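*Asks:* Please find the sequence and the predicted model below.
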Amino acid sequence: MDTTMPIYVISVAAELADMHPQTLRQYDRLGLVTPSRAPGRARRYSQKDVSTLREIQRLSQEGVSLEGIRRILELENQVSALQQRVRELTSELAQRRGQPDPSRVFAAGLAGDVVTLARGQRPRARSQAVMVWRPDLAGN
(Lines give C-alpha, C1' and ligand atoms only; values in the text may rest on other atoms or scores of the structure.)
Protein backbone atom coordinates (compact mmCIF):
# COMPACT_ATOMS: atom_id res chain seq x y z
CA MET A 1 0.00 0.00 0.00
CA ASP A 2 1.23 3.50 -0.86
CA THR A 3 1.62 5.39 2.44
CA THR A 4 1.44 8.74 0.65
CA MET A 5 -1.97 8.14 -0.95
CA PRO A 6 -4.52 10.60 0.50
CA ILE A 7 -7.40 8.37 1.60
CA TYR A 8 -8.62 9.54 5.04
CA VAL A 9 -11.14 12.32 5.60
CA ILE A 10 -10.36 14.63 8.50
CA SER A 11 -12.60 12.82 11.01
CA VAL A 12 -10.96 9.45 10.33
CA ALA A 13 -7.44 10.91 10.38
CA ALA A 14 -8.22 12.67 13.67
CA GLU A 15 -9.46 9.43 15.18
CA LEU A 16 -6.41 7.49 13.95
CA ALA A 17 -4.10 10.15 15.41
CA ASP A 18 -6.16 10.39 18.61
CA MET A 19 -6.76 14.12 18.11
CA HIS A 20 -9.66 16.48 17.62
CA PRO A 21 -10.41 17.44 13.97
CA GLN A 22 -9.97 21.12 14.89
CA THR A 23 -6.39 20.34 15.97
CA LEU A 24 -5.72 18.90 12.50
CA ARG A 25 -7.11 22.07 10.92
CA GLN A 26 -4.80 24.17 13.11
CA TYR A 27 -1.77 22.05 12.19
CA ASP A 28 -2.72 22.47 8.52
CA ARG A 29 -2.86 26.27 8.94
CA LEU A 30 0.55 26.21 10.68
CA GLY A 31 2.04 24.05 7.93
CA LEU A 32 2.94 21.16 10.24
CA VAL A 33 0.90 18.73 8.15
CA THR A 34 -0.27 19.54 4.64
CA PRO A 35 -3.04 17.19 3.57
CA SER A 36 -4.13 16.86 -0.03
CA ARG A 37 -7.33 18.52 -1.12
CA ALA A 38 -10.19 16.67 -2.74
CA PRO A 39 -12.69 18.41 -5.01
CA GLY A 40 -14.63 20.88 -2.89
CA ARG A 41 -11.49 21.66 -0.83
CA ALA A 42 -12.04 18.73 1.58
CA ARG A 43 -8.85 17.60 3.29
CA ARG A 44 -7.57 14.09 2.59
CA TYR A 45 -4.87 12.61 4.80
CA SER A 46 -2.45 9.81 3.97
CA GLN A 47 -1.02 7.20 6.31
CA LYS A 48 2.20 9.23 6.29
CA ASP A 49 0.23 12.31 7.42
CA VAL A 50 -1.31 10.30 10.26
CA SER A 51 2.17 9.13 11.32
CA THR A 52 3.34 12.75 11.28
CA LEU A 53 0.35 13.76 13.41
CA ARG A 54 1.26 11.07 15.95
CA GLU A 55 4.86 12.34 16.00
CA ILE A 56 3.60 15.90 16.55
CA GLN A 57 1.46 14.69 19.43
CA ARG A 58 4.39 12.81 20.99
CA LEU A 59 6.71 15.80 20.73
CA SER A 60 4.04 18.12 22.09
CA GLN A 61 3.49 15.86 25.11
CA GLU A 62 7.25 15.99 25.73
CA GLY A 63 7.01 19.77 26.00
CA VAL A 64 8.29 20.82 22.55
CA SER A 65 6.64 24.00 21.25
CA LEU A 66 4.80 24.01 17.91
CA GLU A 67 7.62 26.10 16.39
CA GLY A 68 10.13 23.57 17.70
CA ILE A 69 8.07 20.74 16.24
CA ARG A 70 7.90 22.55 12.88
CA ARG A 71 11.69 22.87 12.87
CA ILE A 72 12.20 19.23 13.88
CA LEU A 73 9.92 18.04 11.06
CA GLU A 74 11.71 20.32 8.60
CA LEU A 75 15.10 18.93 9.62
CA GLU A 76 13.84 15.33 9.44
CA ASN A 77 12.61 16.01 5.88
CA GLN A 78 16.01 17.47 4.98
CA VAL A 79 17.80 14.44 6.41
CA SER A 80 15.53 12.10 4.43
CA ALA A 81 16.19 14.03 1.21
CA LEU A 82 19.95 14.01 1.84
CA GLN A 83 19.94 10.29 2.61
CA GLN A 84 18.14 9.65 -0.67
CA ARG A 85 20.72 11.78 -2.51
CA VAL A 86 23.57 9.85 -0.86
CA ARG A 87 21.99 6.57 -2.02
CA GLU A 88 21.73 7.94 -5.58
CA LEU A 89 25.34 9.16 -5.59
CA THR A 90 26.60 5.90 -4.06
CA SER A 91 24.84 3.94 -6.78
CA GLU A 92 26.23 6.23 -9.48
CA LEU A 93 29.74 5.91 -8.04
CA ALA A 94 29.49 2.13 -7.94
CA GLN A 95 28.48 2.10 -11.61
CA ARG A 96 31.33 4.40 -12.57
CA ARG A 97 33.90 2.38 -10.65
CA GLY A 98 32.99 -0.60 -12.76
CA GLN A 99 33.54 1.40 -15.94
CA PRO A 100 36.86 3.28 -16.03
CA ASP A 101 37.06 6.53 -17.94
CA PRO A 102 38.75 5.53 -21.21
CA SER A 103 39.78 9.11 -21.95
CA ARG A 104 42.24 9.25 -19.03
CA VAL A 105 45.80 7.96 -19.29
CA PHE A 106 48.40 8.18 -16.54
CA ALA A 107 52.14 8.43 -17.19
CA ALA A 108 54.94 7.92 -14.68
CA GLY A 109 58.15 9.83 -15.25
CA LEU A 110 61.75 8.95 -14.37
CA ALA A 111 61.54 11.25 -11.35
CA GLY A 112 58.56 9.27 -10.03
CA ASP A 113 55.96 11.89 -10.83
CA VAL A 114 52.54 10.82 -12.12
CA VAL A 115 50.66 12.91 -14.63
CA THR A 116 47.22 12.55 -16.16
CA LEU A 117 47.13 12.81 -19.92
CA ALA A 118 44.35 12.89 -22.44
CA ARG A 119 44.12 9.95 -24.81
CA GLY A 120 46.61 10.43 -27.66
CA GLN A 121 48.69 12.96 -25.72
CA ARG A 122 52.34 12.20 -25.02
CA PRO A 123 54.26 13.19 -21.90
CA ARG A 124 56.61 16.13 -22.30
CA ALA A 125 60.20 15.28 -23.19
CA ARG A 126 61.40 16.40 -19.77
CA SER A 127 59.60 13.69 -17.84
CA GLN A 128 60.59 10.89 -20.25
CA ALA A 129 57.72 8.54 -19.35
CA VAL A 130 58.73 4.97 -18.71
CA MET A 131 55.29 3.50 -18.07
CA VAL A 132 51.79 4.40 -19.20
CA TRP A 133 48.73 3.04 -17.41
CA ARG A 134 45.24 3.12 -18.88
CA PRO A 135 42.35 2.39 -16.49
CA ASP A 136 40.21 0.95 -19.31
CA LEU A 137 42.84 -1.74 -19.91
CA ALA A 138 43.55 -2.42 -16.24
CA GLY A 139 41.62 -5.22 -14.61
CA ASN A 140 40.25 -3.10 -11.65
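*Replies:* In hand now; what should we look at?
*Asks:* contacts and neighbour counts: CA atoms only from here.
*Replies:* OK.
*Asks:* Check the offset of stretch 86-106 from the chain's centre.
*Replies:* 20 Å (C-alpha atoms, centre = their mean, to the nearest Å).
*Asks:* For it, what is the spacing between the initial and final residues?
*Replies:* Using C-alpha to C-alpha, to the nearest Å, one end of stretch 86-106 lies 29 Å from the other.
*Asks:* Let me know the average pLDDT across the host helix or strand of Arg58.
*Replies:* Under the criterion of DSSP states H and E, Arg58 resides in helix 47-61. Helix 47-61 carries an average pLDDT of 96.
*Asks:* need the next SSE after that helix, C-terminal direction.
*Replies:* helix 66-97.
*Asks:* By mean pLDDT, flag the weakest helix or strand of this protein.
*Replies:* Least confident element among the helices and strands of the chain, by mean pLDDT, DSSP states H and E: strand 131-133 (a mean of 53).
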